[in-house]
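Novice: Following is a predicted model, sequence given first.
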Amino acid sequence: MSQALRVRAAGTGPAHARRPWPESWVAAAFIAPAALVVLFVVVVPLARAAWMSLFDISLVRPGDEPFVGLGNYIEQLTSGDFWAATWRALWFTVVSTGLELGLGLALALLMDQPLRFRWLLRTLVILPWALPTIVNALMWRWIDNAEYGALNALLTQLGILHSYQVWLSNSDLAMWMVILADVWKMTPLVAILLLAALQSVSPELVEAAKVDGATTLQALRHVLLPLIVPVILIVLVLRTMEAFKVFDIVWIMTGGGPANATQTIAIYAYQTAYQGYDFGRGAALGYLIALVIMVLAAVYLRLLGRLGRT
Amino acid sequence: MRRPRGRTLLALLAVATVLGACSGAATQAPGGGGQVTLHALFMKQAAYSDADVKAMTDAFTAANPGITVVPEYVGYDALHDKIVTDQVGGSGLYDIVLMDTPWPAEFVKANIVTDITDKIPADFKNGIFPSAWTAATYNGRYYGVPWINDTKFFFYNTKMFSEAGITSAPKTWDDVVADAKAIKQKGIVQYPIVASWKQVEAVICDWTQLAAVFGGANFLDAQGNATFNTGGGLGALQFMKSLLDQGLVNPASLGFIEDDVNSTMAAGQAAMALNWTYGYSVMNDPKQSKVAGQIAVVASPGEGNVATSGVNGGMSLAVTKSSKHPDQALQYALWIASEKSQEMDTANAFPMWKASFQNPEVTKANPAFFAAAQEQFANLVARPVVPYYTKLSNALQVAIQLALQGKESPKQALDDVAAKLPQLQQ
């Protein structure tokens, strides 16, 4: 027994000395260091950002930071640029998530079949996802290059295109090319998650349906899919929230251009905060993005909850 | 358990998002003991190469053994952000930074650069081209030492020109259009002209250079009102759009920066282009170019009574407010900007010293290019030096892209920026 405890024991009596700390105290003591770290790297910056969002703070105008209340929020919510960027992000989210889910499901069903080289297929499918996003974006920028990109070479050699297309510098095509790159990278993740769900379904269920006269499509529609709906929803939640705040792949491929055609809400926030040096407006935008994602998450969680009850 | 878990997830997501959008970083580099260490920030995109900077720096440190210089290089489009975040964000690592022509007003207002008016030697003030000082001065005070004197020249492929039966270099933009049509009709290349018109500063430089020819490049009047949506600014944008509509400019130019212009010319896929000085050595370098030896340079074409024009691409070296060794930093800037240092290698950038152009030992490297440079340096136009330049430039880049993409008319696109001007000036 240490000197400190002996002193304490002397002061409080032997019965108290033996009594251990309540379990909750021990837990608190163990959690305290991590909680402190979280406090300083998460809670404090969050609070500071919230505070900053109420001021007109410009990095290039030091010392002049008037309080504007909710002015930054109102300004954004009434700004055409903000809504244009929000719609672009939503468009990116809906199209890329939809394609990833459709293709991912098809791939998962294929990989679930007893094919001869299934292990090879599964390895190959996961490769795009294993690439860092930055590398993927750079790779697609080269593929889409108008002068010496592989896409133009392939499409002209197949006779589909007669002359080279300017993929990334055309404001009508640029967003589609970014979506293509994102789908190429993220479909494998969706496929692997859905494959895991499919494998947890007992094969007897499908076989029983077939014995009862169901076609393969009917068995898929009425037996397999309902059983993996929870996983599909989780994939949707994850991908939607990720896609809505997409930044890196867009930034590397197009920088938000041409003519802002790929300026999603996260790019808009970055440009406001770090290129316009408007940290007050930037902080307000950060909170608005978080709000949209929270609304999306709440909708999905409600759906999941309803599903759990049924 | 489901609901609380959901809430935790939501909270975590909110935290991650807001952190991602709002966080900043600050580090502080320790200073040296007896030895002084200077951190210098340069760009790696045009003008002097990192090898040039190293040669100049090595000569300086050999003569000043007590000073170590650590140069760092970033692409042009990251340079401004890096300077501002380093200085105003609180890290204050750099002692000396490269400052572009339109930035002094903003940097002075943001308290980033040091006033060195009383420390500039008289021979610098008298010996350097007046246009080079635009990148170093604001309201009559000196905040930098001019280091790069650059503008965009007109490069053309002599072999393609002679194949098309063209016997002389174009003197006007009308000539350029006629020559480009001839080259296209003969099927020598699909798109005779290539340009750096990406939604970055590069497109503003081309637009400014053209505006000076098509009616003037004074983009703001004395009261700060927009004039870029009339006269030269509008004329230049309409001309750029017409080149695209006629299929004379490679449409990929809308995503190109200066390096892409060099590589397209070097691959023999274009016959003419505007680019900075360094383009000449890249396009004529047998290691990088299929058309080495075929690329000639002349002063940028004019139109009507304007003989030629050039965007002021000058840059200066500014001592930062955060520097612990401002005297040594200035000493280094003056050294690498000296006439002797600038004459070491003129392949990537011209000296800013008037005397260098009269020195046959220097001009013998490329007499025709020196002649074109001297003609253009006398006709430089600057982008507006206003504290809100970055915001103005970003808005104009988008407007120019909208017009070139055919989403809005040139007039409409520029009028929209003019209408937003009070907001940008805030």
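Specialist: Everything's here; your move. Residues are numbered from 1 along each chain as shown, chains lettered A, B, ... in the order given.
Novice: Just read off the phi/psi values of the residue nearest to residue A:52 when sequence neighbours are not counted.
Specialist: Distances taken as Cβ to Cβ, 6 or more residues apart in numbering or on different chains place residue A:283 nearest to residue A:52, at 4.3 Å, with adjacent residues excluded. Using the backbone N, CA and C atoms, a C-beta is placed for each residue, glycine as well. Main-chain torsions, residue A:283, degrees, to the nearest 10: phi -60, psi -40.
Novice: To what extent is residue A:283 buried, counted in neighbours?
Specialist: For residue A:283, the neighbour count with other Cβ atoms under 10 Å in any protein chain shown is 26.
Novice: I'd say it and residue A:56 touch.
Specialist: No - applying Cβ atoms under 8 Å, one finds residue A:283 not in contact with residue A:56, separated by 11.0 Å.
Novice: all helices of the stretch 101-250 of chain A, in order?
Specialist: Using DSSP state H, counting those that start in this stretch, the helices assigned to the stretch 101-250 of chain A run over residues A:118-130, A:133-143, A:150-157, A:174-199, A:203-211, A:216-219, A:225-244, A:248-253.
Novice: again, but for the stretch 151-300 of chain B
Specialist: Secondary structure of the stretch 151-300 of chain B (DSSP H, counting those that start in this stretch): helices located at B:158-163, B:173-185, B:201-211, B:231-245, B:258-266, B:278-283.
Novice: Can you list the neighbours in contact with the third one?
Specialist: Counting by Cβ atoms under 8 Å, 6 or more residues apart in numbering or on different chains, helix B:201-211 makes contact with B:76-77, B:151-152, B:173, B:195-197, B:217, B:219, B:228, B:231-233, B:235-237, B:239-240, B:256-258, B:274, B:300, B:309-311, B:313, B:381, B:383, B:393, B:396-397, B:400-401, all of which sit outside it.
Novice: The same query, at a cut-off of 6 Å, please.
Specialist: Outside of helix B:201-211, the residues within contact range by Cβ atoms under 6 Å, 6 or more residues apart in numbering or on different chains are B:152, B:195-197, B:217, B:232-233, B:236, B:257-258, B:274, B:309, B:311, B:383, B:393, B:397, B:400.
Novice: try the longest one
Specialist: Contacts made with helix B:231-245 from outside it, assessed by Cβ under 6 Å, 6+ apart, are listed as B:207, B:210-211, B:214-217, B:219, B:249, B:403-404, B:410, B:414.
Novice: What about these, which one has the most neighbours?
Specialist: Within the contacts of helix B:231-245, residue B:404 tops the neighbour count with 29 neighbours, counted by other Cβ under 10 Å.
Novice: need the residues of the stretch 101-250 of chain A near chain B, please.
Specialist: A:146, A:166, A:168, A:169, A:171, A:245 (Cβ under 6 Å from any Cβ of the partner chain).
Novice: from the residues you listed, which is closest to residue A:202?
Specialist: residue A:245 (37.9 Å; Cβ to Cβ).
Novice: on that earlier part again, format the residues of the stretch 101-250 of chain A next to chain B as TSV; extra columns: neighbour count and pLDDT.
Specialist: Formatted as TSV, those follow (neighbours: other Cβ atoms under 10 Å in any protein chain shown; pLDDT from 0 to 100):
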residue	neighbour count	pLDDT
A:146	23	85
A:166	20	89
A:168	26	92
A:169	28	90
A:171	21	90
A:245	22	91
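Novice: Between which two of these is the distance greatest?
Specialist: Greatest spatial distance among those (Cβ to Cβ): A:146 and A:245, at 29.1 Å.
Novice: Could you tell me the model confidence score at residue 2?
Specialist: As the question left the chain open, I've gone with chain A. Residue A:2 is assigned a predicted lDDT (pLDDT) of 46.
Novice: should've been chain B
Specialist: Note on residue B:2: pLDDT of 40.
Novice: what does residue A:10 give?
Specialist: pLDDT, residue A:10: 45.
Novice: What segments of the stretch 51-200 of chain B are strands?
Specialist: In the stretch 51-200 of chain B, the strands defined using DSSP state E, counting those that start in this stretch lie at B:67-74, B:96-100, B:137-138, B:141-142, B:145-148, B:153-157, B:193-194.
Novice: Need these in a markdown table (columns: mean pLDDT, mean neighbour count and distance to residue B:324).
Specialist: Formatted as a markdown table, these follow (pLDDT from 0 to 100; neighbours: other Cβ atoms under 10 Å in any protein chain shown; distance: least, Cβ to Cβ, whole Å):
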| stretch | mean pLDDT | mean neighbour count | distance to residue B:324 |
| --- | --- | --- | --- |
| strand B:67-74 | 94 | 17 | 13 |
| strand B:96-100 | 95 | 27 | 12 |
| strand B:137-138 | 92 | 19 | 24 |
| strand B:141-142 | 94 | 18 | 21 |
| strand B:145-148 | 92 | 28 | 19 |
| strand B:153-157 | 97 | 23 | 40 |
| strand B:193-194 | 98 | 28 | 46 |
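Novice: thinking again about what came up before, can you list the helices of the stretch 151-300 of chain B in JSON lines and add distance to residue A:72 and mean pLDDT?
Specialist: As requested, the helices of the stretch 151-300 of chain B are exported to JSON lines (distance: least, Cβ to Cβ, whole Å; pLDDT from 0 to 100):
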{"stretch": "helix B:158-163", "distance to residue A:72": "54", "mean pLDDT": "97"}
{"stretch": "helix B:173-185", "distance to residue A:72": "45", "mean pLDDT": "97"}
{"stretch": "helix B:201-211", "distance to residue A:72": "27", "mean pLDDT": "95"}
{"stretch": "helix B:231-245", "distance to residue A:72": "31", "mean pLDDT": "96"}
{"stretch": "helix B:258-266", "distance to residue A:72": "36", "mean pLDDT": "94"}
{"stretch": "helix B:278-283", "distance to residue A:72": "42", "mean pLDDT": "93"}
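Novice: Any idea how many residues pack against residue B:36?
Specialist: Using other Cβ under 10 Å, the number of residues around residue B:36 comes to 20.
Novice: Return the distance of it relative to chain A.
Specialist: 27 Å (Cβ to the nearest Cβ, to the nearest Å).
Novice: Next: residue B:179.
Specialist: The spacing between residue B:179 and chain A, counted by Cβ to the nearest Cβ, is 22 Å.
Novice: and what of residue B:276?
Specialist: For residue B:276, the distance to chain A equals 21 Å [Cβ to the nearest Cβ].
Novice: List the residue ranges of chain A that fall below the pLDDT cut-off.
Specialist: A:1-18, A:308-310 (pLDDT under 70).
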